[in-house]
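Asker: below are the sequence and a predicted model for it; my questions follow.
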Amino acid sequence: MQSINIPAAYNLVSLKKVSSTNEVAKTMAEKGEEAAPDGTLIWALEQTAGRGRRGRNWYSPAGNLFTSLILRPEVPAVRMPELGFVAALAVCDALDSLSEPGHQVQLKWPNDILLNGKKVAGFLLETERTSSEQNIQWIVLGMGLNVSWHPEDTQYPATSLRFEEWPTTVEQALEAYTRTFLGWETRWLNDGFLPIRNNWLIRCKGINEEIEVRLGHENLIGVFTDLDENGALVLKQSNSTRKITTGDVFFPDVLHSELA
């Protein structure tokens, strides 16, 4: 692996091939803060058993970016999901800093990154709580970015930087992400979720438009009107408003392509 220039706040652990960077990070985090302090960053060139949200497999060949960051913020466990929005803003800014004109980077609820309308990155948050007061002992924030390759058979259309003719290396993406995440995490810790929420809404796809939310046991159609103070999606239907904390969002253009 070549030399990587990232902020001194991180403790970078570089690996060639792992089953999952999140599994490596969780094992390290469980050994305590001395062994894996806040800011320990696991980076692997390849995963053999990468995972995404809701237990899905994550396409993990060499040539893409796979990281898991160990965080130990002194916040209640109920605030853990907010970090997905923090990371989404960081990746969005990182890609903006590396991009050339003509590319559109957007955020998709709850924590996906879209490049030119297709998924290019996503996150997986895992944690362990203390036995008392429900505080966070540690959080592992997994992030995968399709740099060179992307899967073809996904529920939501995917893409990669290479496919979009975006000449960015894995190393450049890693350096940019670590810089931008540090800034957004600091703002979150100092100012709370409100500025994160407001900035996320500015950059998201589908706000004030009709969307479909798939919950597994039912599909909901309505207008995406807002995020609540905890990051839940606010969906307005004909006679009601519903707050959704987990699900998969689809937009009309994607739904039309499914039927084509």
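Answerer: Okay, I see it. Numbers count the residues shown, from 1 in each chain.

Asker: going forward, measure contacts between C-alpha atoms and count neighbours the same way
Answerer: Fine.

Asker: what residue is smack in the middle of the protein?
Answerer: Compute the mean C-alpha point of the chain, and by CA atoms, centre = their mean the closest residue is F123, 3.1 Å away.

Asker: correct me, but that residue touches M143?
Answerer: Yes - using CA atoms under 8 Å, F123 makes contact with M143 at a distance of 4.6 Å.

Asker: all helices for this protein, in order.
Answerer: Here the chain has its helices, by DSSP state H, at 21-29, 82-98, 170-191, 194-203, 252-259.

Asker: between those helices, which gets nearest to T48?
Answerer: Smallest distance to T48 across those (CA to CA): 9.9 Å, for helix 21-29.

Asker: measure stretch 47-65 end to end?
Answerer: For stretch 47-65, the first-to-last residue distance is 10 Å (CA to CA, to the nearest Å).

Asker: ok so, going back, need the helices of the chain in CSV (columns: mean pLDDT, distance to T159 and mean neighbour count).
Answerer: Putting those into CSV (pLDDT from 0 to 100; distance: least, CA to CA, whole Å; neighbours: other CA atoms under 10 Å) gives the following:
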stretch, mean pLDDT, distance to T159, mean neighbour count
helix 21-29, 95, 21, 21
helix 82-98, 96, 14, 22
helix 170-191, 97, 15, 17
helix 194-203, 97, 19, 16
helix 252-259, 57, 14, 10
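
Asker: domain parsing for this protein?
Answerer: Following automatic domain parsing, the chain resolves into domains at 11-203, 210-259.

Asker: okay, now the unreliable bits of the stretch 1-150 of the chain?
Answerer: Regions of the stretch 1-150 of the chain meeting the criterion pLDDT under 70 cover residues 1-2, 50-60, 129-133.

Asker: what about 90?
Answerer: 1-4, 19, 47-62, 74-78, 99-103, 111, 127-137 (pLDDT under 90).

Asker: if we can go back for a sec, what about the domains of the chain, which gets the closest to N5?
Answerer: Nearest of these (CA to CA): domain 11-203, 6.2 Å.

Asker: any idea how far the nearest residue to D93 once chain neighbours are set aside is from M143?
Answerer: Leaving out its chain neighbours, the residue that sits closest to D93 by CA to CA, 6 or more residues apart in numbering is T180, at 6.4 Å. In this view, T180 and M143 are 14 Å apart by CA to CA.

Asker: list the contacts for Q47?
Answerer: Counting by CA atoms under 8 Å, 6 or more residues apart in numbering, Q47 makes contact with 17-21, 60-62, 66.

Asker: let me fix that: G144
Answerer: 64-67, 121-123.

Asker: ok now do V24, which residues does it touch?
Answerer: 18, 42 are the contacts of V24 under CA under 8 Å, 6+ apart.

Asker: my bad, should have said I244
Answerer: Residues in contact with I244 (CA under 8 Å, 6+ apart) are 232-235.

Asker: and the residue lying closest to T40 once chain neighbours are set aside, how many neighbours?
Answerer: Nearest non-adjacent residue to T40, counting by CA to CA, 6+ apart: N11, 4.5 Å away. Number of residues near N11 (other CA atoms under 10 Å) recorded here: 17.

Asker: N11 contacts W43, doesn't it?
Answerer: No - with contacts counted by CA under 8 Å, N11 stays clear of W43, the gap being 10.6 Å.

Asker: and the gap between N208 and I202?
Answerer: Remark: distance between N208 and I202 (CA to CA) = 12 Å.

Asker: strands of the stretch 101-250 of the chain, start to end?
Answerer: 105-108, 112-115, 118-129, 136-145, 210-214, 219-227, 233-236, 241-244, 248-250 (DSSP state E, counting those that start in this stretch).
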